[in-house]
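Asker: Sequence first, then the predicted structure, then my questions.
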Amino acid sequence: MCLPPAAQRVPGIISNISIASGARGNCFSRQPYSTSHTVDPTEMKKFQAWSAKWWDEEGVYSALHAMNDIRVPFIR
């Protein structure tokens, strides 16, 4: 797949794409993975600790569990 001429002229219009010249003009290929990390390990640990509390229907989030019959259809 080749870039349209307008996209080739505007720097930064497409990110995370490598451009190569070939027989069909300037073509690009997207990397199959992200090279940056957006997950904060501290946040991951916090939410992993909260997950055990969330699934306890008699625990601190019991009020939310009690409202599921109303809340879930409303969200859908």
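Answerer: Sure thing, it's come through.
Asker: Next one, pLDDT for Y61 please.
Answerer: Looking at Y61, its pLDDT is 90.
Asker: Neighbours of the closest residue to it other than its chain neighbours, how many?
Answerer: For Y61, ignoring the flanking residues on the chain, the nearest one in space by Cβ to Cβ, 6 or more residues apart in numbering is W54 at 5.5 Å. For the C-beta atoms, the positions are set from N, CA and C on the backbone; glycine is no exception. W54 sits with 13 neighbouring residues when counted by other Cβ atoms under 10 Å.
Asker: Could you double-check that W54 sits in contact with Q48?
Answerer: No. Using Cβ atoms under 8 Å, W54 is not in contact with Q48, being 10.6 Å away.
Asker: Pull up the overlap in contacts between those two.
Answerer: Common neighbours of W54 and Q48 (criterion: Cβ atoms under 8 Å, 6 or more residues apart in numbering): none identified.
Asker: which outside residues touch stretch 61-71?
Answerer: 53-54, 56-57.
Asker: nearest to I75, of the residues you listed?
Answerer: W54 (15.9 Å; Cβ to Cβ).
Asker: hmm, back to that, just checking, which of the contacts of stretch 61-71 belong to strands?
Answerer: Taking DSSP state E, every one of these sits outside strands.
Asker: Need the max-distance pair from those.
Answerer: K53 and E57 (10.8 Å).
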